[in-house]
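**Q** Sequence and predicted model, in that order:
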Amino acid sequence: MTENLTVDDLRGLFLFEHLSEEQLAWLVAHGQVETHAAGSQVLREGQPATCFFVLLDGTVALSRVIGGQRVETNRTDHRGAYFGATQAYLGSDVEARTVYQMTADAVTDVRLYQLPAHDFGAMFRSWFPMAMHLLEGLFFGMRNTERIVSQRERLLALGSLSAGLTHELNNPAAAAVRATGALRERVAGMRHKLALLASGSIDPATLPVLVELQESAVEQVAKAPKLGPMETADLEDEVADWLDAHGVSGGWDLAPVLVAGGLDVEWLDRAAALCPQTATEAAVRWLAYTVETETLMNEIEDATTRVSTLVGAAKQYSQVDRAPFQVVDVHELLDSTLVMLGGKLGDGVRVVKNYDRGLPPLPAYPAELNQVWTNLVDNAVAAMDGDGTLTVRTYRAGEDVVVEVGDTGAGIPDEVKRRIFEPFFTTKAVGEGTGLGLDISWRIVVDRHHGDIRVVSEPGDTRFRVHLPLAPPSAGLAQDGAGGAGQ
């Protein structure tokens with residue numbers, strides 16, 4: 001049902017109270033009154049933005065799709081509240097002006113003044129040219145600033161991750177270089193021993209025994225137990241005394257090598273019983289070379305495996321050579337992020353993983369989710385000032401996978417909690433944060449994956465919960481931007 005509105009009716013609305021008689025007459029001519037019954041839908045999010053509405057009577061509720069569910073964002077009965085195509089004055093390339101950014105439902109019977117979007121846009125540009133330039137400049141300026149700062153935020157995060165990865169790679173790489181240099185020396189020593197064998201300095205009949213002992217020593221290295229400092233020192237003393245008692249010179253140098261390889265006094269007694277007494281020292285030194293060579297090769301293998309693991313984590317984190325959208329194991333994404341942030345976690349942060357390994361694969365944009373995990377973990381470490389417990393938990397809630405990142409920091413005050421997802425809002429010192437980390441995370445989770453981020457916090461226990469639907473995200477379910485009623 002529609003009806004016409006008078007100039008006097010429009011003059012009583014705060015939005016139009018300062019307009020001229022000619023302007024009010026134009027609005028009367030181009031607009032109309034529309035009535036909606038209680039429970040009906042005035043407009044729906046994502047539909048083409050065709051009309052600008054002003055509330056005359058009744059109550060409307062505005063809502064948006066968040067996390068796959070419709071969430072009410074505003075409810076008003078204020079006469080003159082406006083909604084709908086509120087940005088129709090912007091250029092045609094701006095998505096915010098082409099579709100409704102919210103859904104409006106009539107809570108009671110409502111009367112609305114309705115003005116076509118193209119008329120509203122043309123009117124605004126013609127009547128308020130200076131305001132038009134100011135609002136357009138503000139809109140595009142904020143959008144460009146947000147894009148630039150967002151890019152800067154990503155570059156800073158990339159630089160931090162690169163520095164951390166370089167640090168993590170340096171340790172195993174340096175260990176492999178050191179072990180390779182030492183291995184070269186030990187192999188040269190074994191060549192010297194072979195020369196002694198060739199010259200006849202060692203009884204050829206002893207050679208089969210030495211080879212057998214060598215194989216046994218290699219097996220023992222593989223089974224060598226991890227010992228504490230005190231236990232290691234005691235065993236080294238026992239082995240050194242045994243070497244001295246059997247006439248082996250330099251026992252204090254050989255004992256640490258033999259103990260590290262798992263060769264104790266009992267093993268040496270069995271080995272000595274198989275060799276002529278005159279060959280004991282040669283046999284022990286031959287075995288020491290064998291043990292040290294095997295230990296060094298194990299160190300090189302461990303170091304290169306660590307490098308390979310880090311490179312694999314970096315590829316998983318960056319999703320190099322992978323499709324943007326995939327069905328993934330969320331735990332692989334979390335683990336790769338924790339590896340990449342290992343340098344930032346340091347020794348003061350204890351990481352606790354509480355994973356539900358029974359979770360089904362998640363349809364997602366993994367590279368973008370890794371950015372979310374990075375922001376949440378980075379904020380958690382900052383909140384704990386590098387000292388505390390970081391808990392990463394996964395579980396299922398209905399048709400959602402939930403990833404929870406918790407910290408034992410000071411907590412988030414209520415007045416801050418209400419604003420943490422706002423763009424450019426930050427509690428960090430000037431130059432330390434851009435205020436876009438959580439805003440970017442919100443957009444990735446809510447707008448990109450149609451999920452939700454929630455936070456609960458008290459001193460010593462802050463938890464960010466990311467809800468991600470197991471159903472594949474579909475285009476158009478939620479739009480960027482936000483809608484609301486002006487009053």
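**A** Right, received. Where do you want to start?

**Q** Can you pull out the low-pLDDT segments for the stretch 301-450 of the chain?
**A** In the predicted model, the stretch 301-450 of the chain carries pLDDT under 70 at residues 306, 308-323, 422-437.

**Q** got it, and the stretch 1-150 of the chain?
**A** By pLDDT under 70, the weakly predicted segments of the stretch 1-150 of the chain are 1-4, 66-69, 91-97, 132-133, 135-150.

**Q** So which residues of it form helices?
**A** Secondary structure of the stretch 1-150 of the chain (DSSP state H, counting those that start in this stretch): helices located at 7-11, 21-30, 95-98, 117-127, 129-199.

**Q** The last one: what's the following helix or strand?
**A** Toward the C-terminus, helix 129-199 is succeeded by helix 207-222 as the next helix or strand (DSSP states H and E).

**Q** Which strands and helices lie in contact with that next one?
**A** Packing contacts for helix 207-222, counted by 3 or more CB pairs under 8 Å, 6 or more residues apart in numbering; DSSP states H and E, involve helix 265-273, helix 280-318. C-beta coordinates here come from the backbone N, C-alpha and C atoms, glycine included.

**Q** tell me which residues in whichever helix or strand comes after that helix are buried?
**A** As assigned by DSSP H and E, the chain's next helix or strand after helix 207-222 is helix 229-245. For helix 229-245, a neighbour-count test (16 or more other CB atoms under 10 Å) marks 235-236, 239-240, 242-243 as buried.

**Q** quick one: which of those is nearest Leu334?
**A** When those are ranked by distance to Leu334 (CB to CB), Leu235 comes first, at 40.7 Å.

**Q** contacting residues for the closest residue to the closest one other than its chain neighbours?
**A** Excluding its sequence neighbours, the residue lying closest to Leu235 (CB to CB, 6 or more residues apart in numbering) is Val259, at 4.8 Å. For Val259, the contacting residues are 227, 232, 235-236, 239, by CB atoms under 8 Å, 6 or more residues apart in numbering.

**Q** is it fair to say Val259 lies in a strand?
**A** No - secondary structure assignment (DSSP: H, G, I helix; E, B strand; the rest coil) places Val259 in helix, not in a strand.

**Q** Okay, it and Asn298: tell me how far apart.
**A** Going from Val259 to Asn298 by CB to CB, to the nearest Å gives 15 Å.

**Q** quick revisit: want to throw the buried residues of helix 229-245 into TSV with pLDDT and distance to Leu268?
**A** Output for the buried residues of helix 229-245, formatted as TSV (pLDDT from 0 to 100; distance: CB to CB, whole Å):
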residue	pLDDT	distance to Leu268
Leu235	85	11
Glu236	84	13
Val239	84	7
Ala240	86	11
Trp242	86	6
Leu243	84	8
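
**Q** Switch the residues you listed over to CSV; also include distance to Pro324.
**A** Below are these laid out as CSV (distance: CB to CB, whole Å):
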residue, distance to Pro324
Leu235, 56
Glu236, 57
Val239, 59
Ala240, 62
Trp242, 64
Leu243, 63
